[in-house]
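Enquirer: A structural model of the following input is requested.
(chains A and B)
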Amino acid sequence: MPVETNETVAARVGVAPRIGVAGRLGAVFDSDLLHSFLRSKVTVLAAVVTLVIMAGALLAPLIAPHDPFDVASLQLLDSNLPPAWMEGGDPRFLLGTDDQGRDIFSTILYGSRLSLSVGFLSVVFAAVLGIALGLVAGYAGGSTDSVIMRIADIQLTFPAILIALLIDGTARALFGEQRNEQLVFWVLVLSIGLSFWVQYARTVRGSTLVEKNKDYVLAARLIGIHPVKILFRHVLPNVMGPVLVIATINLVLAIILEATLSFLGVGLPPTQPSLGTLIQIGNRYLFSGEWWIAIFPGITLASLALAINLLGDWLRDALNPKLR
Amino acid sequence: MLAFIIRRLLQATLVMAVVALIAFTLFRFVGDPINQMVGIETSLEERAALREALGLNDPVAVQFLRFIWNAVQLNFGISYQFKKPVLDLIAERFPATMELAIVSAIFSMLLGIPMGVYTALRRDAWLSKLFLTLSLVGISLPTFLIGILLIFLFAVTLGVLPSFGRGDTVRLGLWDTGLLTWSGLKALVLPSITLGLFQMTLIMRLVRSEMLEVLRTDYVKFARARGLTNRAVHFGHALKNTMVPVITIAGLQLGSIIAFAIITETVFQWPGMGLMFLRAVQNVDIPIMSAYLLLVAFIFVTVNLIVDLLYVVVDPRIRIDARGA
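Expert: As a prediction, the model looks like this:
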């Protein structure tokens, strides 16, 4: 959801004959937003880079020249080979191989797949949790509001990395030795998601406070619609604009946080390497001259983060009526 | 003013109480403390005796109060990994982290403020555009990647700076400092740049946007109309008024610098608290985890409190609001 391309958003929202923000958004996407998108060359380039990496991640099983998880195909003879264009390189391995003889290019494709999945899932988790709590806090007010917002305030004093590390450590203690790769993946999604919900909750609460006094909510209440339905059917669509911007920028933060945790050795294991795990593996070989193991995944991660950040910046400015 | 301070103090105490509750829950319920402390050959009777001696059979509320009482006296228990008091372990590593955090905070201010002022005053200069582009790259690059790139460039390729450890340290009473030896200073360069880069871009962008805002205000126009020099207007009037938010953010960032030090310390094998905490998470060393949590929370809350109070001292408008509220 967060990094839908503008074309798909335009198509989806544009055809929806809804009134309210959905309709307004649709109009914007149809005209101004698309124009400002095409006008800014940097944004178009960023979108292309994002799409290429995402397509590579999505189609990894189809386009990767080797399967890095097929242990039988790995040969120790192929380990630590430099990129194909360097002396000693092997044309079979475009970007060289790592310490287990895995093709770097293929592991990057599969690694981006994992990095992006963790990123997307944790952003969705954080957004759903944050939006729900924000709606409830803003609409209910009173003590519900203050309890939720106090928790948010307290959590906000701690950086996300610390919270994610604590949740990960707790999961480690609880599950002990029975941890498997599936579990690690979901613990990662949970710990990253839980460290990002606050921003959504605060933003949505703010907009809900404004929206709940408007006539359409009053009218809905008067004809006796259930509060939960009012919240999700009527208020929610009208507070989604800022959420989209937060989600885009959050996706970068989530991907970086996952990479950081994996790099620190508490994320995805070397058997299921994400981009962060690959950089961690490569970091061990940096001093012996095998720079390609760390640098190529690093470049991928950095370009992905930069590209999505640029898209998020553009989206924020484009949706900000003050700047138009 | 007094009421404001008291309210802030109460809030800070509440935050600390919640964090203490989390730390206690970790300490008491995640993993059995007894199993971690004794060997396999310890008999059931001995375990029961130890359980009784440690007070693990008391009501939970009593245990929580005892936990807080111990924490106030800086008694955080014994580390499972090292079999040493957690306080000693933290005391050994605290100076390393603090020196790294303070040096990188100074680095980020010394570079970030002038860059922010420059990009605000010369909006269209190519150097400004370069700074802004670099700041976006700086925000997008994960800390650990910056560290690796710096190591690759300055330690592996050029071989001019060390890539790990603190170098030689000098002991001043309880404090092990690396600031007084040449190798200690050299060892500080790469880690503090790595740690400070993100803060630097943040401060630069903040100073820039605040400056742009202030330059539009009437009193700056008036100062110009009075015929003051550019320098007097920019630095005497404009920059001075951007300093309040900058100091606030910089102060609040000190807390996150300490947390981000976990990453930097791991990349550079810096023997500080962050590295110790990471090892504790990997090895499920709960006493260290909960002590670190309490300590970091305490630093955060204290810094927040000081910043809030400074704000009141610096900006009279808040004093009036506080009285009204």
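
Enquirer: Run a quick neighbour tally on the closest residue to chain B within the stretch 1-150 of chain A.
Expert: Residue of the stretch 1-150 of chain A nearest chain B, by CB to the nearest CB: residue A:150 (8.0 Å). Any C-beta I mention is one placed from the backbone N, CA and C, and that applies to glycine too. Neighbourhood size, residue A:150 [other CB atoms under 10 Å in any protein chain shown]: 14.

Enquirer: Likewise for residue B:24?
Expert: 20.

Enquirer: near chain A, which residues of the stretch 1-150 of chain B show up?
Expert: B:15, B:18-19, B:26, B:30-31, B:136-137, B:139-145, B:148-149 (CB under 8 Å from any CB of the partner chain).

Enquirer: So how do I select the buried members of those residues in PyMOL?
Expert: Buried residues within the residues of the stretch 1-150 of chain B next to chain A, by 16 or more other CB atoms under 10 Å in any protein chain shown, are selected in PyMOL with:
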select buried, chain B and resi 15+19+26+30+31+136+139+140+141+142+143+144+145+148+149
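
Enquirer: Could you pull out the helices in the stretch 1-150 of chain A for me?
Expert: Secondary structure of the stretch 1-150 of chain A (DSSP state H, counting those that start in this stretch): helices located at A:6-15, A:21-28, A:34-39, A:41-58, A:60-63, A:104-140, A:142-156.

Enquirer: Kindly apply the preceding question to the stretch 201-325 of chain B instead.
Expert: Remark: helices assigned in the stretch 201-325 of chain B by DSSP H, counting those that start in this stretch are B:218-225, B:230-231, B:240-267, B:273-282, B:286-314, B:316-324.

Enquirer: isn't residue B:265 right up against residue B:274?
Expert: Yes: between residue B:265 and residue B:274 there is a contact under CB atoms under 8 Å: 4.1 Å.

Enquirer: any residues in contact with both of the two?
Expert: Here residue B:265 and residue B:274 have residue B:97 as joint contacts, going by CB atoms under 8 Å, 6 or more residues apart in numbering or on different chains.

Enquirer: So the two - more neighbours on which side?
Expert: More crowded of residue B:265 and residue B:274, by other CB under 10 Å: residue B:274, with 29 against 25.

Enquirer: contacting residues for the more buried one?
Expert: Taking CB under 8 Å, 6+ apart as the criterion, residue B:274 is in contact with B:97, B:258, B:259, B:261, B:262, B:263, B:264, B:265, B:266.

Enquirer: go on, residue A:204?
Expert: A:130, A:131, A:134, A:135, A:138, A:239, A:243.

Enquirer: Output the residues you listed as TSV; include the columns distance to chain B, neighbour count and pLDDT.
Expert: Formatted as TSV, the entries for the contacts of residue A:204 read as follows, by distance: CB to the nearest CB, whole Å; neighbours: other CB atoms under 10 Å in any protein chain shown; pLDDT from 0 to 100:
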residue	distance to chain B	neighbour count	pLDDT
A:130	19	26	92
A:131	24	24	91
A:134	20	28	89
A:135	24	24	88
A:138	22	26	85
A:239	25	24	81
A:243	21	22	85
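
Enquirer: And the furthest pair within these?
Expert: By the measure CB to CB, A:138 and A:243 form the most distant pair in the contacts of residue A:204, at 13.1 Å.

Enquirer: who in the stretch 201-324 of chain A is up against chain B?
Expert: Neighbours of chain B within the stretch 201-324 of chain A, by CB under 8 Å from any CB: A:252, A:256, A:259-260, A:263-266, A:279, A:283, A:286-287, A:291, A:294-295, A:298, A:301-302, A:305-306, A:309-310, A:313.

Enquirer: Show me the residues you listed that map onto helices.
Expert: Judged by DSSP state H, these include A:252, A:256, A:259-260, A:263, A:279, A:283, A:294-295, A:298, A:301-302, A:305-306, A:309-310, A:313 as members of helices.

Enquirer: List buried residues within the residues you listed.
Expert: Among those, those classed as buried by 16+ other CB under 10 Å are A:252, A:256, A:259-260, A:263, A:279, A:283, A:294-295, A:298, A:301-302, A:305-306, A:309-310, A:313.

Enquirer: give me the element residue B:184 is part of.
Expert: Assessed by DSSP states H and E, residue B:184 sits inside helix B:182-215.

Enquirer: and that helix, average pLDDT?
Expert: Averaging pLDDT along helix B:182-215 gives 86.

Enquirer: where does the chain have low pLDDT?
Expert: Chain wasn't specified; assuming chain A. Applying pLDDT under 70 to chain A picks out residues A:1-33, A:70-78, A:80-81, A:84-86, A:88-94, A:176-180, A:320-324.

Enquirer: Can you look at chain B instead?
Expert: Along chain B, the model assigns pLDDT under 70 to residues B:1, B:31-41, B:314-325.

Enquirer: which residue sits farthest out from the middle of it?
Expert: residue B:45 (45.0 Å; CA atoms, centre = their mean).

Enquirer: measure that one to chain A for me?
Expert: Using CB to the nearest CB, to the nearest Å, one gets 25 Å for the distance from residue B:45 to chain A.

Enquirer: now that residue: how far from residue B:114?
Expert: For residue B:45, the distance to residue B:114 equals 69 Å [CB to CB, to the nearest Å].

Enquirer: And residue B:55, by the same measure?
Expert: Taken as CB to CB, the span from residue B:55 to residue B:114 is 57 Å.

Enquirer: again with residue B:251
Expert: Applying CB to CB to residue B:251 and residue B:114 gives a distance of 19 Å.

Enquirer: Between the two, which has more neighbouring residues?
Expert: Neighbours per residue (other CB under 10 Å) separate residue B:251 from residue B:114, with residue B:251 holding more: 17 against 12.

Enquirer: May I ask you to confirm that the more buried one is in contact with residue B:303?
Expert: Yes: counting by CB under 8 Å, residue B:251 does reach residue B:303; the two are 5.7 Å apart.

Enquirer: and residue B:125, how many residues sit next to it?
Expert: The burial count for residue B:125: 12, using other CB under 10 Å.

Enquirer: Check residue A:194 too.
Expert: Residue A:194, neighbours per other CB under 10 Å, totals 19.

Enquirer: Now do the phi/psi pair for it.
Expert: Dihedral angles of residue A:194 (phi, psi; degrees, to the nearest 10) stand at phi -70, psi -20.

Enquirer: how close does the residue lying closest to residue A:262 once chain neighbours are set aside sit to residue A:301?
Expert: What sits nearest to residue A:262 in space, not counting adjacent residues and going by CB to CB, 6 or more residues apart in numbering or on different chains, is residue A:276, at 3.2 Å. With the distance defined as CB to CB, residue A:276 ends up 7 Å from residue A:301.
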